[in-house]
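Novice: Sequence and predicted structure are below.
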Amino acid sequence: MRLRENPHSLFITGPPPHAIHRLRALSHSSFSLSIASMSKGPGLYSDIGKKAKDLLTKDYISDQKFSVSTCSDTGVAITSTAVKKGELSISDVAAQYKYKNTLIDVKLDTESNISTTLTITDIVPSTKTIASFKLPDYNSGKLEVQYFHHHATFTTAVALNQQSPAVDLTATVGTPKIAFGAEAGYKTASGEFTKYNVGISVTKPDTYAAIFLTDRGDIVRASFVHHLDRLKKSAAVGEITRKFSKNVNTFTVGGLYAVDNLTVVKAKLNNQGTLGAVLQHELFPKSVLTVSTEFDTKALDQTPRFGLALALKP
């Protein structure tokens, strides 16, 4: 099952057709690291619980989105996207270029914002450096350095804000099968820790489980993903969260099923009675249609929410 995100287009969160794999190769998430150890360690802290989170949140949309991706002869991948959120319409154009161990992403939207991300591997052995900024917001700059080892990963992210610079640190130790991680945020201006969270994940061939303690120990969250067949065409997912300060429990269950090589369906239901469903279908090679709906089973007289997305690559 593939659960990697694509920042420019919407793709199937599950066993997609082979054509989608080729389209995903243009995304930042498929920017392969040239260092073998980067794929053999425990992974980043942000990877803990990501499989369950993607199954329960990704592609459950309530907007209308249309995107077209192309690739020029020089190797520049260009994606044009238009999104309608209620009465508001937003468009952007993103370009991505990879040269050796450097990946450059630039995006311009209709509000004249320019977002740029520069990713470089191997500046220092076993590292990955990510620099990002957004204009005209000059305080949005961020510099992140990731270090990968066979049994540990470390990240340091510094927000380049002159008034209140912040530092985020994460560390993960273990193996691809079991990993322990911690995350902390520190504001240099006030000298205070803004967050400190811990998590653990266990990975088996057909099961993935994770437990988090977040919000300064006030919230505990557990999630799991289990494949129901050998070919991983179907999966069950669940997540439960408890907030101690309010004595509130929240749980969500869901699933995924690949009808065939072109069609995937997903569904989820939480304890508040909200039911969501997603249908994704490859209309023709490299073009994916996503239809999503969500409604409250306790208030069937209300109008359900619908979302529609179409990702094309001619």
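Specialist: Structure's in. What do you need? Numbers count the residues shown, from 1 in each chain.
Novice: Give the bridge partners for residue 103, please.
Specialist: Residues in a beta bridge with residue 103, per DSSP bridges, are residue 98, residue 119.
Novice: How many residues are close by it?
Specialist: Residue 103 is flanked by 17 other residues according to other CB atoms under 10 Å. (Each C-beta comes from the backbone N, C-alpha and C, glycine too.)
Novice: so what's it scoring on pLDDT?
Specialist: In this model, residue 103 is scored at 96, pLDDT.
Novice: From residue 163, how far out is it?
Specialist: Distance of residue 103 to residue 163, given as CB to CB, to the nearest Å: 30 Å.
Novice: Likewise for residue 105?
Specialist: In terms of CB to CB, residue 105 sits 26 Å off from residue 163.
Novice: Which one of these two is surrounded by more residues?
Specialist: Set side by side, residue 105 and residue 163 show more neighbours around residue 105, with 21 against 6, by other CB under 10 Å.
Novice: Now name the helix or strand holding that one.
Specialist: Element membership of residue 105, judged by DSSP states H and E, is strand 102-109.
Novice: What is the distance between that strand and the centre of its chain?
Specialist: In terms of CA atoms, centre = their mean, to the nearest Å, the centre of strand 102-109 is set 18 Å apart from its chain centre.
Novice: same question, stretch 145-162
Specialist: The answer for stretch 145-162 is 18 Å, by CA atoms, centre = their mean.
Novice: Stretch 90-108 spans what distance, first to last residue?
Specialist: The straight-line separation of the ends of stretch 90-108 (CA to CA, to the nearest Å) is 11 Å.
Novice: Please point out which parts of that stretch sit buried.
Specialist: 92, 94, 96, 98, 103, 105, 107, 108 (16 or more other CB atoms under 10 Å).
Novice: for the closest residue to the second one other than its chain neighbours, what are its contacts?
Specialist: The shortest distance from residue 94 to any residue other than its chain neighbours is 4.1 Å, reached at residue 107 (CB to CB, 6 or more residues apart in numbering). By CB atoms under 8 Å, 6 or more residues apart in numbering, the contact list for residue 107 reads 92, 93, 94, 95, 114, 115, 116.
Novice: Redo the residues you listed as JSON lines? Include pLDDT, distance to residue 206 and secondary structure.
Specialist: Formatted as JSON lines, those follow (pLDDT from 0 to 100; distance: CB to CB, whole Å; DSSP: H, G, I helix; E, B strand; the rest coil):
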{"residue": "92", "pLDDT": "95", "distance to residue 206": "39", "secondary structure": "strand"}
{"residue": "93", "pLDDT": "96", "distance to residue 206": "41", "secondary structure": "strand"}
{"residue": "94", "pLDDT": "96", "distance to residue 206": "36", "secondary structure": "strand"}
{"residue": "95", "pLDDT": "96", "distance to residue 206": "39", "secondary structure": "strand"}
{"residue": "114", "pLDDT": "94", "distance to residue 206": "44", "secondary structure": "strand"}
{"residue": "115", "pLDDT": "95", "distance to residue 206": "38", "secondary structure": "strand"}
{"residue": "116", "pLDDT": "95", "distance to residue 206": "41", "secondary structure": "strand"}
